[in-house]
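>>> Build me a model from this:
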Amino acid sequence: MRRMAQWQDSRNLLETKILSMIAGDIGGTQSRLLWVARPFLQPLQTLFERNYESAGFADASALLRQFMSDAQRETPPDLLCLALPGPLNQRRVELTNLNWTVDADAIAGELHIADVRFVNDFQAAAAGVDVLQKSDMLVLNPGLMRPGATRVITGAGTGLGLAWMQAGLNGNYRTFATEGGHIDFAPANALQSDLLHWLRQTYAHVSWERVLSGHGLEALYEFNRERHRGHTVEFPLNAAQIHAAALRQETVACDTVQLFADIYAAWAGNLALLYRPQGGLYIAGGMAIHLQSWLTAERFTRLASEKGRMSDVVRNIPMYLITEPRLGVLGAVRIAMS
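Numbering: from 1, shown residues only. Predicted coordinates:
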């Protein structure tokens, strides 16, 4: 009886323990942070959530200290899981598009968090696909969906991310990070060949990320300004201003956003051939959300499938545009809690 009572006391302690964690999706432009708790055998509870401009902080520790202060929690979390844009090197990461070096052991010591974990940002986005509802995405191409088949996720933002997913024998998907956004850009037509030649005057290596990113959109705008010499623009525009100008139907901006969408379509078609993701090809990221009227047009899927003898292969791949902006941070939660 005494052992039974001790066992019951231990079980009661477990059932009242709350696992508290911070999940973060650290971007070159914006970082999303989420503080959640999971009571034993209970659903997750959101305790606090906030977005920050990444450039406003000297490093990841400063960002996290601000978030923890804003959350006004009395104790630090049990666990921290950060989705980071860049190749992971054990527990230390140099971010690709943000001048930060993030060290897990240093953060653990500074912020008194016992368990600090890192994951690639698009590996987290891939994990986030599993928590999406139908309302969180738009169908670009219905294709022929095959449950349990390979999935791919890509997205243009401050950089260009890419990850893929493969189901195990138990049906659960594992996620795999890549740095595919840095492979060589390949033009699909004469205009894009001119663009590549123009970019090579500045960059020794022209990757897909050089054109499919926020800075890429700005570069495309400069390229089109030179092409439209009759349209005088006194100063360069940033990505948000280019989008706003395109919505106003300004010629150079419209041509720029359309060129961006056409290149995005070619990239999506390449991924469809490379991975044959019959479980779905998912397009994510802030730029896709803002430019969805261009990406959901018939022209996008038509250009994506212009792959010669392999066109039908691409047409059979299901493609989706994800409209849930918290995909990465939700994926980081899922990875940490699994």
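
>>> What score does residue 187 have for pLDDT?
Note for residue 187: predicted pLDDT of 97.

>>> Surely it and residue 199 touch.
No - in this structure, residue 187 is not within contact of residue 199 by CB atoms under 8 Å, at 10.1 Å. All C-beta atoms are positioned from the backbone trio N, CA, C, and that covers glycine.

>>> Between those two, tell me which one has more neighbours.
Using other CB atoms under 10 Å as the criterion, residue 187 and residue 199 rank with residue 199 on top: 20 against 16.

>>> Check the gap between the more buried one and residue 81 for me.
Distance of residue 199 to residue 81, computed by CB to CB, to the nearest Å: 36 Å.

>>> just the strands in the stretch 201-338 of the chain please.
281-284, 319-322 (DSSP state E, counting those that start in this stretch).

>>> deepest of these, which one?
Mean neighbours per residue, mean count of other CB atoms under 10 Å, is largest over those for strand 281-284, with a mean of 28.

>>> Show me what that strand is packed up against.
strand 151-156, helix 251-275, strand 319-322 (3 or more CB pairs under 8 Å, 6 or more residues apart in numbering; DSSP states H and E).

>>> Kindly recompute the last result at 6 Å.
Contact partners of strand 281-284 among helices and strands, from 3 or more CB pairs under 6 Å, 6 or more residues apart in numbering; DSSP states H and E: strand 151-156, strand 319-322.

>>> and those as TSV, adding mean pLDDT and distance to residue 90?
Below are the helices and strands packed on strand 281-284 laid out as TSV (pLDDT from 0 to 100; distance: least, CB to CB, whole Å):
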stretch	mean pLDDT	distance to residue 90
strand 151-156	97	24
strand 319-322	98	30
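
>>> Minimum distance to residue 106: which of those has it?
Nearest to residue 106 among these is strand 151-156; the distance by CB to CB comes to 28.8 Å.

>>> my read: residue 141 touches residue 320, true?
No - between residue 141 and residue 320 there is no contact under CB atoms under 6 Å: 8.5 Å.
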